[in-house]
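Undergrad: Pasting the sequence and the predicted coordinates here, then a few questions.
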Amino acid sequence: MPINNQSEKFENFALFARSMDEQDSLGNFREKFYIPQQSKGEDVIYFTGNSLGLQPKTAREYIEQELKDWETLGVEGHFKAKTPWMPYHEFLTEQMAKIVGAKPSETVVMNSLTVNLHLLMVSFYRPTQTRHKIVIEAGAFPSDQYAVSSQIKFHGLDIENSLIELTPRDGENCLRTEDIEQTIYENGDSIALILLGGVNYYTGQKFDFQRITKIGHQVGAFVGFDLAHAAGNIELHLHDWNADFAAWCSYKYLNAGPGGIAGVFVHERHAENFDLPRFAGWWGHDKETRFLMDSKFVPMRGAEGWQLSNPPIFQLAALKASLDIFEEAGMKTLAEKSRKLTGYLEFLLGEIRDERISIITPSDENERGCQLSIRVRNADKNLFKQITMRGVIADWREPDVIRVAPVPLYNSFADVFRFAEILKDCLQDE
Ligand SMILES: Cc1ncc(COP(=O)(O)O)c(C=O)c1O
C-alpha cells in the first residue's frame, strides 16, 4: 500500500510547534471553545474530541435564546421564536449536509445514533431466506454489535449464520480493503447489508467508503456507515460515494454536548421509495398536512421522512452553535490542518523510540482521521494514569490502547508537542 503522507518536515522542538501554530489559519478557533483547566489554571491537553467535543462558547447564548423564547412566547415559540421551533431542524440541514458531503434532502438531524441505526436497518436490512447476512467489522463499537445482532434476532434468524465479522489478518491490527472485498465477493448472494464504522473507534482506521460501497452494490447488498468517528473528523462525500445510508452522533467531533442530537443520511435514490418499510411518526409525515391529523401516514420525501418525533430544541440549539463554527472554518481547511497535526503527533511519537508503545492506526494519512491509537505493551494502564495526572485528557480503551485525537478546531501544535514530552517523561519514570 503506497503511503502518501504530506512531505511535511517536522522538527522536535517547542519553537517549531510554536511556529506551526503561528502559521495556522485556524489558530484563533481555539478561542471559540472552553478548554478545561488544570488545578493551576493551565489548559489541559484535551485529546478526547473523539469522545466528547468541547463546548463552543456560543452554545450558552444559543440555548439561552430558546429559554428566553419559551419564557416569553410559550407555545407560540413554535412560530414566533427567533428561530421558530417548528422548522428549527431545517436550519441545521444544509450545514450538516456539507459536513458529510450530502444533498440537503439526504440529511436530517434527529434522535441519537443507535436509535437511528435501528430505524435505518428497519428499512435497509430486509433479510430473505437466501440473502440474510450482515457484514460488520470485528471489534465494531459494542452498540453497533448489539444493534445488528438484535436486528438479526428480530427477524427470527440466528447470529451464527447471519453475521459476518471482518477480522484483520493474523498479526495485523487493521483490515485490508482487499480482504473486505474478498469476503464480500465470497458471500455475495447471501449478504443483505454491509454496515461499517466509517472510522473504527478503536484503531482509528478509515475505510475505503467508495470501493466498499461499489462492491457491496455489485453483489446486491445495501451499504451503510456508522460515522460516529468520521463526521466532523474527515472529509466525506456520502452522496458521490453512493452509500445507501449513514448515521452519526454529534457529541464527538461535532461538539453538540453530551447526548447531543444525531444525524442521518439516506441517499436520494431512496428519497421517494415509499415502499421501503419504515417505522413512522408524525414528524416524518408530509409537513404540509401534518396538522390535519389524518390517520394515514404520508412520508416526507428524503431523509426527513424517517423522522419520528418533534426534535429537542435545546439540543438543536447547541448543535447549531457548533455547526456555525464549522461553517466558518470549512471542512476542507479543517482536514488539511488535521493531517498536519496528526502527522506531527505521529512524528513525535516515532521520536520517542520506546518499544513499550506502538501506533496501531494506519500510517497512511488517507486511511485515518485525526485519532492515533497507541498500543501499550502488557496493557500497562499505569502509563495512562501517569499522563492523566500530568494534565492530558485522553482515553483508555480496553484491552490495551490509549486513544489520542488532536482535533483541528481547538488543538494546537503546542498541545501535540507538550503531549509527546509528557508521554516521554512518563515512560522514563516507569
Ligand atoms: C462507533 C459508535 N457507534 C455507536 C455509538 C453509540 O452511540 P449512542 O450512545 O449515541 O447511540 C458510539 C458511541 O460512542 C460509537 O462510537
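TA: Received the coordinates, thanks. All values reported here derive from a predicted model rather than from experimental measurement.

Undergrad: Now the element after the strand ranked longest in the chain, going C-ward?
TA: If you go by DSSP state E, the chain has its longest strand at strand 191-197. Next helix or strand after strand 191-197 toward the C-terminus (DSSP states H and E): helix 209-218.

Undergrad: Against which helices or strands is the following helix or strand past that following helix packed?
TA: Counting by DSSP H and E, the next helix or strand C-terminal to helix 209-218 is strand 222-226. The contact analysis (3 or more Cβ pairs under 8 Å, 6 or more residues apart in numbering; DSSP states H and E) places strand 222-226 against helix 113-124, strand 191-197, helix 209-218, strand 245-248. For the C-beta atoms, the positions are set from N, CA and C on the backbone; glycine is no exception.

Undergrad: so how far is Asp324 from the residue lying closest to Tyr125 once chain neighbours are set aside?
TA: Leaving aside its chain neighbours, Tyr125 sits nearest to Leu193 (4.7 Å; criterion: Cβ to Cβ, 6 or more residues apart in numbering). Distance of Leu193 to Asp324, given as Cβ to Cβ, to the nearest Å: 35 Å.

Undergrad: Between these two, point out the one with more neighbours.
TA: Neighbours per residue, other Cβ atoms under 10 Å: of Leu193 and Asp324, the larger number sits with Leu193, 27 against 16.

Undergrad: tell me which residues of the longest helix along the chain are tucked away?
TA: Using DSSP state H to define each element, the chain has its longest helix at helix 331-352. Buried residues in helix 331-352, counting neighbours by 16 or more other Cβ atoms under 10 Å, are found at 331, 334-349.

Undergrad: ok, then the element right after it?
TA: Note on helix 331-352: by DSSP H and E, the next helix or strand toward the C-terminus is strand 357-359.

Undergrad: And the contacts of stretch 375-387?
TA: By Cβ atoms under 8 Å, 6 or more residues apart in numbering, the surrounding residues in contact with stretch 375-387 are 173, 355-360, 394, 396, 399-402, 419, 422-423, 426-427, 429-430.

Undergrad: Now do that stretch: distance to the chain's middle.
TA: From the chain centre to the centre of stretch 375-387 is a distance of 26 Å (Cα atoms, centre = their mean, to the nearest Å).

Undergrad: Let me see the mean pLDDT of it.
TA: Mean per-residue pLDDT for stretch 375-387: 93.

Undergrad: how far does the longest helix of the chain sit from the chain's center?
TA: With Cα atoms, centre = their mean, you get 18 Å for helix 331-352.

Undergrad: ok, and the closest non-adjacent residue to Asn173?
TA: Computed as Cβ to Cβ, 6+ apart, the closest residue to Asn173 that is not its neighbour in sequence is Ile360, at 4.0 Å.

Undergrad: To clarify, my last question referred to Trp85.
TA: His78 (4.7 Å).

Undergrad: got the contact list for Leu52?
TA: Leu52 sits next to Tyr251, Lys252, Pro258 when contact means Cβ under 8 Å, 6+ apart.

Undergrad: Strands of the stretch 1-150 of the chain, start to end?
TA: Using DSSP state E, counting those that start in this stretch, the strands of the stretch 1-150 of the chain run over 45-46, 107-109, 133-137.

Undergrad: Repeat that for the stretch 251-400 of the chain.
TA: Listed in chain order, the strands of the stretch 251-400 of the chain (DSSP E, counting those that start in this stretch) span 263-266, 357-359, 372-376, 392-393, 395-397.

Undergrad: Format those strands as TSV; extra columns: mean neighbour count and distance to the ligand.
TA: Compiled in TSV, those are given as follows (neighbours: other Cβ atoms under 10 Å; distance: least, Cβ to the nearest ligand atom, whole Å):
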stretch	mean neighbour count	distance to the ligand
strand 263-266	30	11
strand 357-359	17	20
strand 372-376	21	13
strand 392-393	20	16
strand 395-397	16	10
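
Undergrad: Just send the ones you listed back as JSON lines, with distance to Thr93 too.
TA: What follows is those, written out as JSON lines (distance: least, Cβ to Cβ, whole Å):
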{"stretch": "strand 263-266", "distance to Thr93": "9"}
{"stretch": "strand 357-359", "distance to Thr93": "37"}
{"stretch": "strand 372-376", "distance to Thr93": "33"}
{"stretch": "strand 392-393", "distance to Thr93": "32"}
{"stretch": "strand 395-397", "distance to Thr93": "31"}
